[in-house]
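Chemist: please work out how this folds:
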Amino acid sequence: MAKLVLDMSAMQDNFFADAAMIGIASAMPAYHLCWALNERLELAFVRDPAQNISLKKKNNEFNYPTYRFDLPNSSHSYLLYKLKDGAESLLPETRHLDYLIFIQTSDPEEDAYRLAADLKTINDIQLAQILDPEDMKNLANLLV
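Modeler: Just a heads-up that it's a prediction; the model follows:
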């Protein structure tokens, strides 16, 4: 009997179509960052335990919480990933970043530039930069 293999590349292409990503460097705890985003930028991120990511590496399990904001009456959604669990990073190529905002909107690039500029106005955020998915090797780790 033949084995069935999940085609992760097709799934990844579909997930990242019409999307943009912003990397954030900040020492704030995730709940504090969500509060700051919700207060300053009038968003409504909430913890989404169903989309938490768990990875097993070196006989250890690492957990990365996610937060979600869906714009009412639209198909726009925003995911906030905590990229670190201790010293282990969800995306090893972004070790200098603490969080990632994943944007799925009708114009994700424009929305990402606008949001990145807004993020830079929050005092406890040291860096907010647009990330190019082509430069990321471990994007499949973001699939939930």
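Chemist: residue contacts, Tyr99?
Modeler: By Cβ atoms under 8 Å, 6 or more residues apart in numbering, Tyr99 lies in contact with Gly23, Ile24, Ser26, Ala30, Leu33, Leu80, Tyr81, Lys82, Leu83. Using the backbone N, CA and C atoms, a C-beta is placed for each residue, glycine as well.
Chemist: tell me the spacing between Glu61 and Glu88.
Modeler: 10 Å (Cβ to Cβ, to the nearest Å).
Chemist: again, but for His76
Modeler: As for His76, its distance to Glu88 is 31 Å (criterion: Cβ to Cβ).
Chemist: thinking again about what came up before, looking at Glu61 and Glu88, which has the bigger crowd around it?
Modeler: In this view Glu61 and Glu88 are compared by other Cβ atoms under 10 Å, and Glu88 has more residues nearby, 16 against 9.
Chemist: with adjacent residues omitted, what lies nearest to the more buried one?
Modeler: Of all residues not flanking Glu88 in the chain, Phe62 sits nearest, at 4.7 Å (Cβ to Cβ, 6 or more residues apart in numbering).
Chemist: and the contacts of Tyr99, which two are the farthest apart?
Modeler: Largest separation among the contacts of Tyr99 by Cβ to Cβ: Gly23 and Ala30, giving 14.8 Å.
Chemist: helix, strand or coil for the nearest residue to Leu131 once chain neighbours are set aside?
Modeler: In this structure, Leu131 finds its nearest non-sequential neighbour in Met21, 4.3 Å apart by Cβ to Cβ, 6+ apart. Following DSSP: H, G, I helix; E, B strand; the rest coil, Met21 is assigned to strand.
Chemist: quick one: Met21 and Lys84, what's the gap?
Modeler: 16 Å.
Chemist: same deal with Asp135?
Modeler: Distance from Asp135 to Lys84, by Cβ to Cβ: 19 Å.
Chemist: what's the mean pLDDT across stretch 51-69?
Modeler: Mean pLDDT, computed over stretch 51-69, is 87.
Chemist: how far off centre is it?
Modeler: 12 Å (Cα atoms, centre = their mean, to the nearest Å).
Chemist: tell me the secondary structure for Gln129?
Modeler: Reduced to three states by three-state DSSP, Gln129 is strand.
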